[in-house]
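Q: Build me a model from this:
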Amino acid sequence: MIVPLFPLPNVVLFPKTPMPLYIFEERYRTMVREALAGNRELVIALLRSGYESSYAGISAVHTIACLGRIETYEELEDGKYNIVVVGIHRVRLLHEVQHSPYRLVEVEKLEEETPGERSVEAIEQHNHLGGLFARFTELATGIKQQALELMPQLDLESLVNMVAMTLNLPIEQKQSLLEIGETSGRCEVLIPILQQQLETLVMVRKFEHIKPENPNLN
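A: Numbering: from 1, shown residues only. Purely as a prediction, here's the structure:
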């Protein structure tokens, strides 16, 4: 499969999750315009640390990336775009086919190893991660009902990837999560991370109302 490559320094796209993007560089405006005229697919890949010295080569990006599809778009008056890309599946970048004006790469699809949705393991992981994330979302946004209603509607892969996209993690850690080939394995890595962030958020909310009588003394 040959698709356009969109390398980014601070974005990791996961399957079954949406990503809003603002397209302003001329070559990527061309890429989006031509993608919209075709099947709307492109690959979003994370640039490696220190990419500045080798930006032009495929070695500048991580080879495990995510194929996405432009679901919605808005073409602005100056030719720029606002787009929303939804991840389809993980891919491995094989080699570059074209470099100008934007890169085309050949990719191979990576199968996602997901336990059966009705298996005991999948149900337990879904309930555990979903409960933690609902609580986290409630504390972070102050909206309880919406999060609780959303969790049962998501399959395990969608839930896991949504959590991975949502949490404030170092970008290289998100890349490491994308590279895990099993949904259950990605879930097991995420649960303790989410638990730690939830505990921190609980502590923040518990003491956020406490203010020093004289801030100048602190």
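Q: What segments of the protein are strands?
A: If DSSP state E is used as the criterion, the strands of the chain fall at 2-8, 18-23, 41-46, 64-75, 81-98, 104-109.
Q: what is the orientation angle of the fifth one with strand 64-75?
A: Okay, so that is strand 81-98. Interaxial angle of strand 81-98 relative to strand 64-75 (axes from the mean of the first three to the mean of the last three C-alpha atoms, to 10 degrees): 140 degrees.
Q: mind listing what's buried in strand 81-98?
A: Neighbour-count burial for strand 81-98 flags 81, 83, 85-88, 90-91, 93 (criterion: 16 or more other C-beta atoms under 10 Å). Placement of C-beta: from N, CA and C, glycine included.
Q: My understanding was that residue 169 contacts residue 196; is that so?
A: No: using C-beta atoms under 8 Å, residue 169 is not in contact with residue 196; the gap is 11.1 Å.
Q: So which of those two has more stuff around it?
A: Between residue 169 and residue 196, residue 169 has the larger neighbour count (other C-beta atoms under 10 Å), namely 17 against 10.
Q: tell me which helix or strand of the chain sits lowest on mean pLDDT?
A: Within the chain, confidence by mean pLDDT, DSSP states H and E is lowest for helix 145-150 among all helices and strands, at a mean of 60.
Q: and the chain, what are its domains?
A: Using automatic domain parsing, the domain parsing of the chain gives 2-109, 120-207.
Q: which one of these has the lowest average pLDDT?
A: Sorting the domains of the chain by mean pLDDT places domain 120-207 lowest, at a mean of 87.
Q: First-to-last residue distance for that one?
A: This stretch, domain 120-207, spans 38 Å end to end (C-alpha to C-alpha, to the nearest Å).
Q: Relative to the whole chain's centre, how far out is that domain?
A: Mean-position distance between domain 120-207 and its chain equals 13 Å (C-alpha atoms, centre = their mean, to the nearest Å).
Q: With stretch 23-41 instead?
A: 20 Å.
Q: Which residues does it contact?
A: Contacts with stretch 23-41, where a contact means C-beta atoms under 8 Å, 6 or more residues apart in numbering, come from 3-4, 6, 42, 67-71, 73, 79-83, 88, 100-102.
Q: Same question for stretch 102-119.
A: With contacts defined as C-beta under 8 Å, 6+ apart, stretch 102-119 is touched by 1-7, 15, 27-28, 30-31, 43, 58, 64-65, 67, 89-98, 121-123, 125, 155-157, 181-184.
Q: In ChimeraX, how would I select just the buried ones from these?
A: A single ChimeraX command is used to select the members of the contacts of stretch 102-119 judged buried by 16+ other C-beta under 10 Å:
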select :3,4,5,6,7,15,28,31,43,58,64,65,67,90,91,93,122,125,156,157,183,184
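Q: nearest residue to residue 15 other than its sequence neighbours?
A: residue 87 (4.2 Å; C-beta to C-beta, 6 or more residues apart in numbering).
Q: so what's that neighbour bridging to?
A: Counting by DSSP bridges, residue 87 is bridged to residue 15, residue 68.
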